[in-house]
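S.K.: Model the structure of this input:
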Amino acid sequence: MSIPSCLSTAARSRSLIHSLSSPALGLLCCRLLGPKSASRRNMSSRRQMDHLERTASNSRQNAVYPAEVCGIINESETVKRLRLAAHPDFTFKAGQWVDFFIPGVETVGGFSMCSSPGLLQREGVIELAVKYTKHPPAHWVHTMCTVGSRVAMRVGGDFFFDPSPSDPSVDLLLVAGGVGINPLYSILLHTADLLRLSRASGGRGHNVGSAHLCYSAKNTQELLFKSSIIEACREFPDKFSCDFHVTQQSADVDPHLQPFINRGRITEEGLRAHVDPQRTLCYLCGPPPMIEAISKTLTDFGLPKDRILFEKWW
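M.R.: Residues are numbered from 1 along each chain as shown. Predicted structure coming up:
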């Protein structure tokens, strides 16, 4: 299934200007930007905290920007990837997420970008991969969202990779479980963009080290972006590598995936070869128990705690 073409730059600007003047969206943004909106909600131990409550202590941009859905693709049987035309002033860092405001849906969603900042600069779009749940924002994405749907977004998060050209190079270890791949895929794509820029400038850009991805999912169908990840590893064989882990695979694995597939969970042995306490910077995103176990393993390997960054808010 192909992704429909996004709006042209001119058409997108007209559409977003119209969105900014929309009374309904204006009221939505004002209501959601009220002071301490998350803390005013009644807390209950009998329900999960919603996204705004769970991330109340995280950094956020001040502005809420309109956006328009310009492409939808079924990334897997349970995940839809949205392509959104963003406002010209919208910016983010690889690894960050958005507060996702849907007109008519009171609950605010929280979704990590799965695209690179470079794609936003080149095409004016961002991408989100949303897994099906009955949580209202995700349910809306899977049952009501169409090309042309208008939403609003605010960037947040302290989990990101945004090196400066003067920074010393680091070797990235990216460890993902399930849809925790989203921010790590953004970081991997950003790293690939930096490598291309460095190559085009004759090595005068960023000091980019290596990146190894360990990615675990139930089966190969749920390994999101696997073809693009493999392509990146083949484009930069001296820089990128990946190990896919499947925990509940019953069918045979496709031959082109076979070299990258491991059956079972991520192991200590699989991680050890990619940890150098002096150079490795690790980003973790996945179920909290997985993050806690792998964080302990990495500290046992001698990796300092300040070089282990994780996202487990959902």
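S.K.: Could you pull up the contacting residues of the residue most central in space within the chain?
M.R.: Centroid-nearest residue in the chain: residue 183, 2.6 Å away (criterion: CA atoms, centre = their mean). Applying CB atoms under 8 Å, 6 or more residues apart in numbering to residue 183 gives the contacts 94-97, 112-114, 157, 159-160, 283, 285, 311. From N, CA and C alone the C-beta is placed, and that goes for glycine too.
S.K.: who's in contact with the closest residue to residue 239 other than its chain neighbours?
M.R.: Nearest non-adjacent residue to residue 239, counting by CB to CB, 6 or more residues apart in numbering: residue 210, 5.2 Å away. By CB under 8 Å, 6+ apart, the contact set of residue 210 is 171, 172, 238, 239, 240, 241.
S.K.: thinking again about what came up before, under a three-state scheme, what state does the residue nearest to the centre of the chain occupy?
M.R.: Using DSSP: H, G, I helix; E, B strand; the rest coil, the structure places residue 183 in helix.
S.K.: Now stretch 215-227: buried residues?
M.R.: Residues 215, 216, 217, 220, 221, 222, 223, 224, 225, 226 are the ones in stretch 215-227 that count as buried (16 or more other CB atoms under 10 Å).
S.K.: Show the average pLDDT along it.
M.R.: In this model, stretch 215-227 has an average pLDDT of 95.
S.K.: now stretch 271-282
M.R.: 96.
S.K.: Quick check: next helix or strand after the strand ranked longest in the chain?
M.R.: Scanning the chain for the strand with the most residues, using DSSP state E, yields strand 65-74. Going down the chain from strand 65-74, the next helix or strand is strand 79-86, by DSSP states H and E.
S.K.: Okay, now the sheet partners of that next one, with direction.
M.R.: When pairing is defined by DSSP bridges, strand 79-86 lines up against strand 65-74 (antiparallel), strand 125-131 (antiparallel).
S.K.: Heading C-terminal from it, find the next helix or strand.
M.R.: Following strand 79-86 in sequence order, the next helix or strand is strand 97-102 (DSSP H and E).
S.K.: Make TSV out of the strands paired with strand 79-86 and add mean pLDDT and distance to residue 260.
M.R.: Below are these laid out as TSV (pLDDT from 0 to 100; distance: least, CB to CB, whole Å):
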stretch	mean pLDDT	distance to residue 260
strand 65-74	98	22
strand 125-131	97	20
